[in-house]
Each structure stands twice: as structure tokens, then as C-alpha cells.
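A.B. asks: give the three-dimensional model of this entry:
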Amino acid sequence: MTTATALGELTGDYVLDTARTRIGFAARAALVSTVRGRFDACEGSARLDGGSPSRSTVRLTIRAGSVQTRNAKRDGHLRGGDFLDAESHPDLTFTSTRVEQTGGTRFRVTGDLTVRGVTGPVTVDFELTGTDRGPQGALWAAFTGRAALDRHDWGVSGARGMVGRKVLLEFEVTALRRS
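C.D. replies: Numbering: from 1, shown residues only. Okay, the predicted model is just below:
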């Protein structure tokens, strides 16, 4: 991928390429290690306005039951009522409320994150890492992003003392322009 595309050329409606997207997380566990995981099922869309990034919008839905940490017992616990409660709340959702350009290819996306039926604000710092045209001329755009949050703000309070409150969300997103 290249980043030679001018921001104005990015304007359009995009859909998340789930095969090329990774949404991960990291949290301290038992004071000496970090638990890392990912969500395997998500979908999303964006309306990018390269000429006026503040008019851009983003929507993301993550399937809570798709959480993976490479440990089946832990994954089951995370899906359960102490953490994500995937049976009662199958989706985590994010809807942007504001997009700011903070540098040449850097953006701050603020929005409403809903987890376990609790909605709160979160800000994700993103960087455009590349663009490319597919074999049929479609434009692809890739972004990386990070956000830190306190899981207790969303009612995710299980495993007191065993897992830290702070969770780092990590995004490697590829989106395909539809129009």
C-alpha cells in the first residue's frame, strides 16, 4: 500500500474489509503479564470526507461472542456475565460523534461506545497508514488506531484484582470505498 493518495481523493462511502481488519485488546493480568486478545467478527462503515475530515463519520459493530485470547476457558469467562455478557448483549457498538484531523495523516475520532448496554464516550487516535487501488480500480484505505479505556466505565468489572481496569484497544483497519 502507498500513502501517496491526497486526502481529498479519499472522499466516499466505505465498508470495513473484515478479512483485512484486526480489532484487538490488551489488559494487565495478575500484575506481571498482559492478556492480549482480539474480536474475530465485526462489521463497519464510514463516510470519509478528505477535504473536510470533520464531516466524516464512522460506525462499527463488534460481536462480543467472537472474543479470542487463545485460551478457551478464559474466552468463555470473557463472554460470560462477569465481563461482556455476550448472551444478553451480543454486540459492542461505536458511532462517531466527532472527527478531527490532528496532523497530516493523523485523526482523532470521538464517539459513543456501547458495551453491555452501557454507552459512554471514547476517543481513538488513528493514522492513515496506506491507500491502494485494487485490480478493478476500487480504493482501499488502511488505518491503525489505539484507545485506552477503563472497563469499569462500561460495567465490565469481573475478576477484581486479577485483571487491571485499563484496557488498550488496538485497531488495524482496512476499508474499501463503495462510492
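A.B. asks: could you use CA atoms for every contact and neighbour count after this?
C.D. replies: OK.
A.B. asks: those helices in the protein, which residues are they?
C.D. replies: Under the criterion DSSP state H, the chain carries helices at the ranges 72-79.
A.B. asks: would you map the strands across it?
C.D. replies: Read by DSSP state E, the chain holds these strands, from start to end of the chain: 12-16, 22-29, 33-39, 42-48, 57-63, 67-68, 91-101, 106-115, 118-133, 139-150, 163-177.
A.B. asks: now for the fourth one, which elements pack on it?
C.D. replies: Read that as strand 42-48. With contacts defined as 3 or more CA pairs under 8 Å, 6 or more residues apart in numbering; DSSP states H and E, strand 42-48 has these neighbours: strand 12-16, strand 57-63.
A.B. asks: now with 10 Å, please.
C.D. replies: Using 3 or more CA pairs under 10 Å, 6 or more residues apart in numbering; DSSP states H and E as the contact criterion, the secondary-structure elements in contact with strand 42-48 are strand 12-16, strand 57-63, strand 91-101, strand 163-177.
A.B. asks: pairing partners for that strand, with directions?
C.D. replies: Paired strands of strand 42-48, with direction, are strand 12-16 (antiparallel), strand 57-63 (antiparallel) (DSSP bridges).
A.B. asks: thinking again about what came up before, indicate which one of the strands of the chain is closest to H77.
C.D. replies: H77 sits nearest to strand 67-68 of all the strands of the chain, at 10.2 Å, using CA to CA.
A.B. asks: that closest one - contacts with which helices or strands?
C.D. replies: Strand 67-68 sits against strand 22-29, strand 33-39, helix 72-79, with contacts defined as 3+ CA pairs under 10 Å, 6+ apart.
A.B. asks: which outside residues touch it?
C.D. replies: Counting by CA atoms under 10 Å, 6 or more residues apart in numbering, strand 67-68 makes contact with 23-25, 36-41, 74-76, 78-79, 84, 86, all of which sit outside it.
A.B. asks: re earlier: how about the strands of the chain in CSV, adding distance to S157 and mean pLDDT?
C.D. replies: Converted to CSV, those look like this (distance: least, CA to CA, whole Å; pLDDT from 0 to 100):
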stretch, distance to S157, mean pLDDT
strand 12-16, 30, 97
strand 22-29, 13, 93
strand 33-39, 16, 94
strand 42-48, 23, 98
strand 57-63, 19, 98
strand 67-68, 17, 97
strand 91-101, 16, 98
strand 106-115, 12, 98
strand 118-133, 13, 96
strand 139-150, 10, 96
strand 163-177, 8, 93
